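1. The amino acid sequence is not available; the structure is as follows:
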C-alpha cells in the first residue's frame, strides 16, 4: 500500500516562502499571479496492512511527525 500525504499551511497563517515565490513570479512577468501557498508532498510505503490499519497508521504519522497541526493541515490518500 502507498499513502500520498499533502501538508499545507492553514488559512490565515503567513507563508513567507509562498510570498517569495509570488514576488519572483511577478519579477518574471507573471503579474497576474495573486498568491502562492507552498506545502509538502510525501509518499509513504506501507507493507501488509488492511485499509483500516493503514488509515490509523497514517493519522498517527501525520499528527506526530509530518504536520505541525497547530499551523498546518494535512490530508492523505491511500492506494
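-> Cool, the structure landed. For clarity, every value in this text was computed on a predicted model and none was experimentally measured.

2. Can you say which helix or strand has residue 76 in it?
-> strand 72-78 (DSSP states H and E).

3. Over to residue 61?
-> helix 51-61.

4. can you pull the buried residues of that helix?
-> 54, 57-58, 61 (16 or more other Cβ atoms under 10 Å). For the C-beta atoms, the positions are set from N, CA and C on the backbone; glycine is no exception.

5. next one: stretch 33-48
-> Neighbour-count burial for stretch 33-48 [16+ other Cβ under 10 Å]: 42, 44.

6. rewinding a little: could you say what helices and strands the helix holding residue 61 packs with?
-> With contacts defined as 3 or more Cβ pairs under 8 Å, 6 or more residues apart in numbering; DSSP states H and E, helix 51-61 has these neighbours: strand 2-9, strand 72-78.

7. how about the first one: buried residues?
-> What that stands for is strand 2-9. Those would be 3, 5-9, for strand 2-9 by 16+ other Cβ under 10 Å.

8. now these in JSON lines, with pLDDT and distance to residue 77?
-> Formatted as JSON lines, the buried residues of strand 2-9 follow (pLDDT from 0 to 100; distance: Cβ to Cβ, whole Å):
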{"residue": "3", "pLDDT": "97", "distance to residue 77": "7"}
{"residue": "5", "pLDDT": "98", "distance to residue 77": "8"}
{"residue": "6", "pLDDT": "98", "distance to residue 77": "8"}
{"residue": "7", "pLDDT": "98", "distance to residue 77": "13"}
{"residue": "8", "pLDDT": "98", "distance to residue 77": "14"}
{"residue": "9", "pLDDT": "98", "distance to residue 77": "20"}
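
9. Now flag whichever of the residues you listed is closest to residue 39.
-> residue 8 (3.8 Å; Cβ to Cβ).
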